[in-house]
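S.K.: predicted model and sequence below, questions to follow.
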Amino acid sequence: MSDTRLSAYTHLLELTQGLLALARAESWDALLDAIPAQQAAMARVLKDNQFLSNCPADIRSTLTVLITQTDAANREILERLAAWRTQVSAILEEINSTRQNGKRISRAYGG
């Protein structure tokens, strides 16, 4: 039973590291497409909260490493997503500014 749970945490880490690789490569569409699989894996590991408190010390130690690595990867993904959001926001502001300037020019020259 604990092997299945360990493999679930390992699978979650692998999916999260895959998301991180996509974020580092700025493959945003692929990252967004891959998020549901990670969310499903997260839901599977969160189903049994008592497992962590009742498992043997050696398994708890392994789980601590897996959870810590998953958390670190998630944090970096979030940082990269925040930076991407800032870039997209700046691009959208520039597009809006260009559109507004185009309207002003059109009005000024009777277009």
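M.R.: Alright, I've got the coordinates.
S.K.: in this structure, where is pLDDT below threshold?
M.R.: By pLDDT under 70, the low-scoring segments of the chain are 1-2, 49, 111.
S.K.: ok, Thr68 to Ser61 distance?
M.R.: 11 Å (CB to CB, to the nearest Å). Just so you know, the C-beta spots here come from the backbone N, C-alpha and C atoms, and that holds for glycine as well.
S.K.: of all residues in this protein, which one is nearest the centre?
M.R.: Ile77 (4.8 Å; CA atoms, centre = their mean).
S.K.: which neighbouring elements make contact with the helix or strand harbouring Asn96?
M.R.: Asn96 is part of helix 57-108, with elements assigned from DSSP states H and E. With contacts taken as 3 or more CB pairs under 8 Å, 6 or more residues apart in numbering; DSSP states H and E, helix 57-108 sits against helix 2-24.
S.K.: buried set for the helix or strand just after the helix it packs on?
M.R.: Following helix 2-24 in sequence order, the next helix or strand is helix 28-46 (DSSP H and E). Neighbour-count burial for helix 28-46, counted by 16 or more other CB atoms under 10 Å, picks out Leu31, Ala34, Gln38, Ala41, Met42, Val45.
S.K.: quick one: distance of helix 28-46 to the chain centre.
M.R.: 8 Å (CA atoms, centre = their mean, to the nearest Å).
S.K.: contacts for it next, please.
M.R.: 5, 8-9, 11-12, 15-16, 18-19, 22-23, 77, 84 (CB atoms under 8 Å, 6 or more residues apart in numbering).
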